[in-house]
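Undergrad: next comes the sequence, and after it the predicted model I'd like to discuss.
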Amino acid sequence: MQLFKLKTTIHRFETFGDFAKAFALGENDLVITNEFLYEPYMKSCNLPCRFIMQEKYGLGEPSDEMMNRMLKEVANLRYTRVIAIGGGTVIDISKLFVLQDLNDVSDAFDRKIPLIKEKQLVIVPTTCGTGSEVTNLSIAEIKSRHTKMGLADDTILADDAVILPELLRGLPFKFYACSAIDALIHAIESYVSPKANPYTRIFSEAAWNIILDVFQEIAAKGQDYRFEKMGEMIMASNFAGIAFGNAGVGAVHALSYPLGGTYHVPHGEANYQFFTEVFKTYQAKNPDGSIAELNRKIGERLNCSPGEVFQELDKLLGCLIEKRPLREYGMKPEEVKGFAESVMKTQQRLLANNYVALTQDEIATIYQTLY
C-alpha cells in the first residue's frame, strides 16, 4: 500500500529575475502566463522564450475549447520545456501541453489516447489556493457536457515547482480569499479522506494552521495584512497540495463542479459554498471517525468546542467573502435533481475520497439546503 509520494522538486526565489537566471529560461521554453503578470515581472528581463498569454484564448477557468485553441497556436513551435506562470487556469492548461500528440484535450480527459510525457514542466503558482504545482491533476470545463472533468495521471506532474511570493502581490483580495479558502478545503478534505495517513495528515494540519492563523489576523486587522504573509500562504497552499495530491479531495469539490461548469462560478468560490454543509452531513452520518479528531484540532485553533467548529468556520470565512445562496448564481430549483445525478455520474473519482459515502438523495438535499 502506497502511503506517500512527492516527485516534484520544490524551489523558492524572491524575484522572477532570480528564478529566470537559475532556470536559464531560453528559446526552447514555452512560457504560458498572463499579460498582467508578464508586463510588471517578465518583460524587462528580455527573455528569448516563446510567451503565450492565456487570456487571449478565452476568459475564466480552463475549458476544452480554450485549451484546444491554444494547442493549435503552438502546434508548429519547437520547445522542450513548458513554464507555467499563473493561477489555476494557467497551471491546468499547461499540464496538458507536455503530452505527446495531443490535438484535442477531450481525448486526454476521456483517455482515448495514450498519455505520454514528452516535455518537462515547471510550475510557478501566482495564487495561494490550487496547490496544483505538486499534484497530478488537471481540471477543465467540458463545454458540451456542462460540467468539469479531472484528469489525474503522473504524466502531467511538474518536474519542478517554484515558490515566488513576489508574484502574489498583485492578486485582488477576493481572488486571494477564494484561492486561500480553496487551499483550506484541500487540507481539511484530505485530512478525513479514507486515503489519508500519518504522512499526508502532517501536511494537511500544517496547511490549515497557517491559513487559519492568517485568516484570523485578516479578520482582526484588515485585508492588507495578507501582504505580510505572502510566502507563508503560498507555502500553505503547497502543503495542502501535497496532502490532497496523495490523499485526494471529495464531495465538496464534486458538488461544486456542476455549479462552476454551468454558471461559471470560480473554483474556490464554488467550493466555499458547499464546504461546511458537506461536513455537517459527514458529521451527522459518522461523528466518531477521523472527523472527531479534525473537529478537536480545528476547535483548538478557533478557540471553540468541537461541536461549534463548522459554525465558527462559516463565521471566520464570512469575514473574507460572502457566502451566497445557490439561486443567486442562477441555479433553478428544478436543477437540484440533475446536479445530483451529474455528480453521481461524472465525479466517482472524487466521491471515492469521501469521509463517508453519500447517496444521490443526500447530495440533492445538500443542494436544496444551500439553494
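TA: Nice, I can see it. Numbering: from 1, shown residues only.
Undergrad: span of stretch 226-235 from start to end?
TA: 14 Å (C-alpha to C-alpha, to the nearest Å).
Undergrad: check which residues of it are buried.
TA: Residues of stretch 226-235 classed as buried: Arg226, Lys229, Met230, Gly231, Met233, Ile234, Met235 (neighbour count, 16 or more other C-beta atoms under 10 Å). Heads up, the C-betas are built off the backbone N, CA and C, glycines and all.
Undergrad: next one: the third one from Ala177, what distance?
TA: Read that as Met230. For Met230, the distance to Ala177 (C-beta to C-beta, to the nearest Å) stands at 14 Å.
Undergrad: any chance of the buried residues of stretch 226-235 in a markdown table, plus secondary structure and distance to His264?
TA: Shown next, in a markdown table, are the buried residues of stretch 226-235 (DSSP: H, G, I helix; E, B strand; the rest coil; distance: C-beta to C-beta, whole Å):
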| residue | secondary structure | distance to His264 |
| --- | --- | --- |
| Arg226 | helix | 26 |
| Lys229 | helix | 30 |
| Met230 | helix | 28 |
| Gly231 | helix | 31 |
| Met233 | helix | 25 |
| Ile234 | helix | 26 |
| Met235 | helix | 30 |
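Undergrad: as TSV, those with pLDDT would be great.
TA: Conversion of the buried residues of stretch 226-235 to TSV gives the following (pLDDT from 0 to 100):
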residue	pLDDT
Arg226	97
Lys229	95
Met230	94
Gly231	93
Met233	96
Ile234	95
Met235	95
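Undergrad: ok, of the residues you listed, which one's closest to Glu166?
TA: Met230 (8.0 Å; C-beta to C-beta).
Undergrad: got the contact list for that closest one?
TA: Cys128, Pro165, Glu166, Leu168, Arg169 (C-beta atoms under 8 Å, 6 or more residues apart in numbering).
Undergrad: just give me the neighbour total for the closest residue to Gly60 other than its chain neighbours.
TA: Leaving aside its sequence neighbours, Gly60 sits nearest to His264 (C-beta to C-beta, 6 or more residues apart in numbering; 5.6 Å). For His264, the neighbour count with other C-beta atoms under 10 Å is 15.
Undergrad: distance check, His264 against Tyr199.
TA: For His264, the distance to Tyr199 - C-beta to C-beta - is 36 Å.
Undergrad: ok so, going back, tabulate the buried residues of stretch 226-235 (JSON lines), appending distance to Tyr329.
TA: Shown next, in JSON lines, are the buried residues of stretch 226-235 (distance: C-beta to C-beta, whole Å):
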{"residue": "Arg226", "distance to Tyr329": "26"}
{"residue": "Lys229", "distance to Tyr329": "30"}
{"residue": "Met230", "distance to Tyr329": "30"}
{"residue": "Gly231", "distance to Tyr329": "33"}
{"residue": "Met233", "distance to Tyr329": "26"}
{"residue": "Ile234", "distance to Tyr329": "29"}
{"residue": "Met235", "distance to Tyr329": "32"}
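Undergrad: for the residues you listed, which one is nearest Ile123?
TA: Using C-beta to C-beta, those come closest to Ile123 at Ile234, 11.9 Å.
Undergrad: now do the same for the residue sitting nearest the centre point of the chain: helix, strand or coil?
TA: With distances taken as C-alpha atoms, centre = their mean, the chain has Thr130 as the residue nearest its mean C-alpha position (2.8 Å). Here Thr130 takes the coil state, with states given by DSSP: H, G, I helix; E, B strand; the rest coil.
Undergrad: ok, now which ones touch it?
TA: Gly87, Gly88, Ile91, Ser179, Asp182, Ala183, Ser237, Gly241, His267 are the contacts of Thr130 under C-beta under 8 Å, 6+ apart.
Undergrad: let me have these in TSV, extended by secondary structure.
TA: Below are the contacts of Thr130 laid out as TSV (three-state DSSP):
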residue	secondary structure
Gly87	coil
Gly88	helix
Ile91	helix
Ser179	helix
Asp182	helix
Ala183	helix
Ser237	helix
Gly241	helix
His267	helix
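Undergrad: could you single out the nearest of these to Glu73?
TA: Closest to Glu73, out of all of the contacts of Thr130 and judged by C-beta to C-beta, is Ile91, at 18.2 Å.
Undergrad: leaving out chain neighbours, which residue sits closest to that closest one?
TA: Ser132 (4.5 Å).
Undergrad: measure that neighbour to Gly87 for me?
TA: Distance, Ser132 to Gly87, by C-beta to C-beta: 9 Å.
Undergrad: so which of those two has more stuff around it?
TA: Neighbours around Ser132 and Gly87, counted as other C-beta under 10 Å, are more numerous at Ser132. The numbers are 29 against 26.
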